[in-house]
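Undergrad: model this:
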Amino acid sequence: MTHDELRQLEGARRRALWALASLHPGDPTASELLAIFEELDDQERRGMPSTAEPLELNEVRDSVPAQRHHSGIDIILERTIPQPWRERFYQASIGSTRLVEGFYAGDWDKFLDAWDAEMRHLKQHRAARYKPGTD
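TA: Numbers count the residues shown, from 1 in each chain. Below is the predicted model of the structure:
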């Protein structure tokens with residue numbers, strides 16, 4: 001998958017996550033968004049090399065080290081964030097401030113926590129879609 005394709009895919013995922021956030025699981029208006037997520041997941045699977053599996057949330061959390069900036073703030077260096085997580089973080093952080101040398105570690109931690117909550121919310125929507133009377 002090219003960088004532009006990954007940027008487009010993760011931008012679409014981010015927009016769908018923001019739209020889904022205001023809906024309760026089982027809401028019939030979520031069905032369009034759930035179809036978008038299915039297509040995005042398919043695109044991601046097709047675009048990944050067969051030997052490459054993206055790191056799971058806890059793996060990426062453990063693999064990206066924070067380091068102390070001379071200003072006294074902990075930062076995350078861009079190059080240490082593996083794809084597709086780097087692009088996911090970019091998309092969620094558009095408009096956020098950062099240091100030239102790297103991202104604020106606190107922003108990275110907040111993103112990972114928010115991602116976890118978003119994925120649980122998406123899972124609840126997917127589960128509710130398949131319950132009788134919710135289609």
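Undergrad: Quick one: the strands in this structure, in order.
TA: For the chain, strands defined by DSSP state E occupy the ranges 66-68, 74-76, 103-104.
Undergrad: can you redo those as CSV with distance to A21, mean neighbour count and mean pLDDT?
TA: (C-beta placed from N, C-alpha, C; glycine too.) Formatted as CSV, the strands of the chain follow (distance: least, CB to CB, whole Å; neighbours: other CB atoms under 10 Å; pLDDT from 0 to 100):
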stretch, distance to A21, mean neighbour count, mean pLDDT
strand 66-68, 27, 13, 97
strand 74-76, 24, 21, 97
strand 103-104, 22, 22, 96
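Undergrad: L112: which of those strands is closest?
TA: Of all the strands of the chain, strand 74-76 sits nearest to L112, with 10.5 Å by CB to CB.
Undergrad: Check which strands are paired with that closest one and give the direction for each one.
TA: Strand 74-76 has its sheet partners listed here by DSSP bridges as strand 66-68 (antiparallel), strand 103-104 (antiparallel).
Undergrad: among the ones you listed, which is nearest P54?
TA: strand 103-104 (19.0 Å).
Undergrad: what does the closest one rub up against?
TA: 73-76, 78, 89, 93, 97-98 (CB atoms under 8 Å, 6 or more residues apart in numbering).
Undergrad: How far off centre is it?
TA: Here strand 103-104 shows a centroid-to-chain-centroid distance of 17 Å under the convention CA atoms, centre = their mean, to the nearest Å.
Undergrad: Can you report how many residues lie near E87?
TA: The number of residues packed near E87 is 19, by other CB atoms under 10 Å.
Undergrad: Can you give me every residue that contacts it?
TA: E87 sits in contact with 6-7, 10, where contact means CB under 8 Å, 6+ apart.
Undergrad: Could you save those residues as TSV and add columns showing neighbour count and distance to H121?
TA: Shown next, in TSV, are the contacts of E87 (neighbours: other CB atoms under 10 Å; distance: CB to CB, whole Å):
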residue	neighbour count	distance to H121
L6	20	23
R7	15	23
E10	22	18
